[in-house]
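>>> A predicted structure for the sequence below; I have some questions about it.
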Amino acid sequence: MTADGGAHEAQEKLRSADITQRCSALRGFHGLKRRCGYLLWMSAKALSRHVAALRLYARLPSRVVCKAQHICSRLENGEQAKEEETDTVQQPPKAAASRRYTLAYNPSAYYQKGVQHSASLGGSETEEEASQPVLNAAFRQQSNPYTVSSSRHLSSAKNALLSLAFSRERASKGGKSAHPKGTQADVKGDPRAFHRCRPEYLSMAHDISQRPPAIHFREASLLLHKVTLMKGNMEPSDIAHFLCELGHLAPEQTRVVRGDTRFYMLLRYSVESLQNFTNQQLLQVLRAFVRLGLSHSHSILGLYETEFGRRASKMDLYQLLLVADLWRCLGRSVPHYLERLCDCISQSFSQMGPPELVQFLYILGEGRRCPAHLVQPLEGILMRHLDKLKAEEVGAVCLGLFKSQISLSEEAARRVVDRACSVLEQMSDFGMVNVLKLMRFSHLDHLPWLEALGLEVPRRAPQMGVQGLMHVALACSALHYHDDRILLAVAEHLPPVASHCRSKDAAKLLWAFGTLGVLPNQCPDLYPCLTEILREREAEAEFQRFPEHLLTALLGLAFAGQFPTDLLRVALSPEFVSGASRSQELELKKDLFTLDGTVGMELPGWTGPRLSLVVREEVTKQLWAFAQSDVCQKLEVLEAEAVLQELLGGHAFVCKRMILPHMRSIDLEVHLDPDEQPLPLTSEPGVYNRTAPDEESAPTGWDRHTGVTLTDDLLAQLTSAKKIPAQPSPKPFQQPALRPVEPQAEREGILSVGVDLTDGLLHALTKPGSRSPAPSRATSKPSVLRLAVQVTNRNHYCYRTQQLLGLHAMKRRQLALAGYRVVELPHWEWFPLLRRSRAEKLAYLHCKIFSS
């Protein structure tokens, strides 16, 4: 090999190595270029998704985009409920696994209709709303991988579109009833308005109207990113700090955070550090949950309730009250913590001033119970601070007492209403209604307050909402207080807002107006308006869940003589009766029985459904058993029965029974012949044996010597005179007439009516055989006069009037339809006579039975 050939070969090797090196470098450059392009593409994709998310919640801050999937986790037993199949469409497992970490870039999938805590807390509340509402899948906390006993489920774009379609469908169906055209918006009261009365409430209550300065969503995202970096190395102070900072987000942005996987990691770490938190840190975390809008059914809250209950004995008064208030803001029922609160707070009674007392009563009311051992101490503290309470605080106290069923003594309750009466002009409509609730619960008749309502309600009614108007009417009916100024003002201003009536609002309004005897011609728009509301609710199948509302409404209409046949057919249908009879808490069979009997009496041409004979007999036995143990044993009834038996000739002439069983009350039945002679009552209706075959010669009825011996003293008592000289000869008999009697001081004014003792009356009492001639039996067919003697009491009448309440007025109407003449022994006449002599009672009942 020559030198030139060796050099050439070396050059070729060098050139080949250089080419190889350059190709390798070029391949590396192209690989790097591809990798950089891929990274740039991924970054652009992530950035585009993030920008889309920000645009989405910026455009739609308060609308529902989709429903989040949910699996309700239970800490107690680890059970897992099934998902709502009609609301979500599950992804295939592979798709879910492939998108496990794309949650942060798909925030639209986590938009859901949040629980409106502030709205619910600010709304008007009633005593029927004693339990937590059951939320459907759209309102529940979505499932996540970091919750105890939950599994992984991801939302998808298909779910978002499906849920949006459902929400639009519901809006199109329910939009008309929610805000009908031309109607006023309903007015809601604020049960927490008393917090604005004093600055001291800030230390023991959460102000839902005040939020800290809002942070930007990017700051929240950075906080969540720190959670993934620190993982299990976070201290309790770090966890509390992160949650508090996230609570500074604007309300519309918290929805995205609640759906972030990293947020659930933070919640899991908070549970792991639960016992290491200080009391102050634990309070900060709970307040952050309120600001973040955490669902009241979230699984971790049960653990927090347990921890707060364990620490209750180590907290001061203000911390105890603040924790209870935060639970209330979350909308979660915490009976275990409230029990511990009641056990520990008795040690702090000496520290209770007006704000602490009002806040504690508010908490007790929202918890719907108060231990018996706290009632007397609380009454004492209330009486001590009562004059210092402001108008809204008085309303809050009344609502707390009502909801927690605390029975104050009558004197204490009167003092509370006295205070309310003195600040009525400064009190809100909501506070005024709360005072009425307490009066309704305490059965308290406070005349100055009721008189003041006669001026206030007509002035306030145009601005009041449906529930406020309903509670005013309901309280009046519960107190039996009939004031046309109040009732007609409610009736006038209710129809414009009637579309906001729930079924129970309409039912209670109809019951109230029917009970107080407000007739349809007095308020021509009220009864048709509320009846139409009932038809709308029936079309929505609402009465299948709440049958008691339909029965209450129909009974109220019946009191006023209104009978909507279409609704009656629904109420008496076998399906409705079967559903109503299954109710364990409510005895709806009695209401069905009353309604069925009323239809039979007042609608003679009725061809619709009726209760079965088995049900009627069952309820009749129950009512008669109760009457025998209660009403039949009352002194006024027993005395009237005994005196009537003595007057008419024995037990056979007076029958104590339920003439109309469906009216749930008894009567003393008496029968007279055309000559006004008493007839014995037999077990078979319409059969009367005046004389037995072997006793034809024995006198019966008034032929027996059952008259009253009239002495000078008795005559003086009946006529308010000292002496009545005997008349030598009687004159023809005339019916006695009752007249008012001026009481004498020495007789204590017991009798409010007197009888003019004419010669005819004296002769009738002493010589019963010489009555006025009756029509000849040969020319007139014998008939029977049936009397229903009723011993009434003040609960049968409107307050301080002689107007019968709706149920008792309807009974009088139906007794007349059944052919009975009602003989009333009113309480203002009969009760005073119970303390008088037998002769006076006999004379009084004689006038009642035999006067026309």
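Thanks, I have the structure now.

>>> lowest-pLDDT helix or strand in the chain?
helix 157-178 (a mean of 34; mean pLDDT, DSSP states H and E).

>>> how many neighbours does residue 538 have?
Residue 538 is flanked by 17 other residues according to other Cβ atoms under 10 Å. All C-beta spots, glycine's among them, are computed from the backbone N, C-alpha and C.

>>> How about it: what's its closest non-neighbour residue?
Distances taken as Cβ to Cβ, 6 or more residues apart in numbering put residue 570 closest to residue 538, at 6.1 Å, once the chain neighbours are dropped.

>>> so which strand or helix has that neighbour?
Using DSSP states H and E, residue 570 maps to helix 565-571.

>>> Tell me which helix or strand comes right after that helix.
Remark: after helix 565-571, the chain's next helix or strand is helix 574-581, criterion DSSP H and E.

>>> what's downstream of that following helix, the next helix or strand?
Moving toward the C-terminus from helix 574-581, the next helix or strand (DSSP H and E) is helix 588-602.

>>> Next secondary structure after that next one?
Using DSSP H and E, the helix or strand that follows helix 588-602 in sequence is helix 613-629.

>>> between that following helix and helix 574-581, how many degrees?
Here the directions of helix 613-629 and helix 574-581 differ by 30 degrees (axes from the mean of the first three to the mean of the last three Cα atoms, to 10 degrees).

>>> which helices and strands does helix 613-629 pack with?
In this structure, helix 613-629 packs against helix 588-602, with contacts taken as 3 or more Cβ pairs under 8 Å, 6 or more residues apart in numbering; DSSP states H and E.

>>> What is the helix it packs on packed up against?
Packing contacts for helix 588-602, counted by 3+ Cβ pairs under 8 Å, 6+ apart, involve helix 547-559, helix 565-571, helix 574-581, helix 613-629, helix 806-817.

>>> what's the most buried one of those helices?
helix 547-559 (a mean of 24; mean count of other Cβ atoms under 10 Å).

>>> packing partners for the helix holding residue 570?
Judged by 3+ Cβ pairs under 8 Å, 6+ apart, the packing partners of helix 565-571 are helix 526-539, helix 547-559, helix 588-602.

>>> mind running it again at 7 Å?
Using 3 or more Cβ pairs under 7 Å, 6 or more residues apart in numbering; DSSP states H and E, the elements in contact with helix 565-571 are helix 526-539, helix 547-559.

>>> now residue 575: how far from residue 592?
Taking Cβ to Cβ, to the nearest Å as the measure, residue 575 falls 13 Å from residue 592.

>>> now swap in residue 253 and tell me
Separation of residue 253 from residue 592 (Cβ to Cβ): 53 Å.

>>> Could you do residue 502 as well?
Applying Cβ to Cβ to residue 502 and residue 592 gives a distance of 22 Å.

>>> So between those two, which is more surrounded?
Just comparing residue 502 and residue 592: by other Cβ under 10 Å the higher neighbour count belongs to residue 592, 24 against 18.

>>> pLDDT (mean, whole number) over stretch 425-434?
If you average the pLDDT over stretch 425-434, you get 94.

>>> Report the residue spans of the chain with pLDDT below the cut-off.
Residue ranges of the chain with pLDDT under 70: 1-187, 584-585, 682-782, 852.

>>> just the strands in it please.
With DSSP state E as the criterion, the chain has strands at 655-657, 667-672, 678-679, 738-740, 753-755, 785-791, 820-825.

>>> most tightly surrounded among those?
Across the strands of the chain, averaging neighbours per residue (mean count of other Cβ under 10 Å) puts strand 678-679 on top, at a mean of 23.

>>> Just give the strands next to that strand in its sheet, each with its orientation.
Applying DSSP bridges to the sheet, strand 678-679 is found paired with strand 667-672 (antiparallel).

>>> who's in contact with the strand it pairs with?
640-641, 644, 648, 653-657, 659, 678-679, 681, 688, 784-790, 849 (Cβ atoms under 7 Å, 6 or more residues apart in numbering).

>>> With stretch 633-644 instead?
For stretch 633-644, using Cβ under 7 Å, 6+ apart, the contacting residues are 631, 654, 656, 668, 670, 789, 791, 825, 830-831, 834, 841-842, 845.

>>> If we use 8 Å, what do you get?
631-632, 653-654, 656, 666, 668, 670, 789, 791, 793, 825, 827, 830-831, 834, 838, 841-842, 845, 849 (Cβ atoms under 8 Å, 6 or more residues apart in numbering).

>>> Return the set of buried residues in it.
Neighbour-count burial for stretch 633-644, counted by 16 or more other Cβ atoms under 10 Å, picks out 636-637, 639-641, 643-644.

>>> Among those residues, which ones are in helices?
Judged by DSSP state H, the buried residues of stretch 633-644 include 636-637, 639-641, 643-644 as members of helices.

>>> Check the residues you listed and tell me the two furthest apart.
Farthest pair in those (Cβ to Cβ) is 636 and 644. Separation: 12.5 Å.

>>> what's near enough to touch residue 542?
Residue 542 neighbours (Cβ under 8 Å, 6+ apart): 503, 549.

>>> If we use 10 Å, what do you get?
502-504, 534, 536, 549-550 (Cβ atoms under 10 Å, 6 or more residues apart in numbering).

>>> Out of those, which comes closest to residue 247?
Nearest to residue 247 among the contacts of residue 542 is residue 502, at 34.1 Å by Cβ to Cβ.

>>> quick one, what contacts the closest one?
Going by Cβ under 10 Å, 6+ apart, residue 502 touches 126, 128, 466-467, 470, 508, 533, 537, 542, 546, 549.

>>> Which PyMOL command selects the buried ones in those?
Of the contacts of residue 502, the buried ones go into a single PyMOL selection, burial set by 16+ other Cβ under 10 Å:
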select buried, resi 126+466+467+470+508+533+537+542+546+549
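
>>> Let me have the contacts of residue 502 in a markdown table, extended by distance to residue 415.
Below are these laid out as a markdown table (distance: Cβ to Cβ, whole Å):
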| residue | distance to residue 415 |
| --- | --- |
| 126 | 25 |
| 128 | 28 |
| 466 | 32 |
| 467 | 27 |
| 470 | 27 |
| 508 | 29 |
| 533 | 39 |
| 537 | 41 |
| 542 | 41 |
| 546 | 37 |
| 549 | 36 |
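
>>> and which of the contacts of residue 502 is nearest residue 205?
Among these, residue 126 lies closest to residue 205 (Cβ to Cβ), at 22.2 Å.

>>> so how far is residue 626 from residue 636?
Residue 636 is 18 Å from residue 626, where distance means Cβ to Cβ.

>>> ok, now residue 258?
As judged by Cβ to Cβ, residue 258 and residue 626 stand 54 Å apart.
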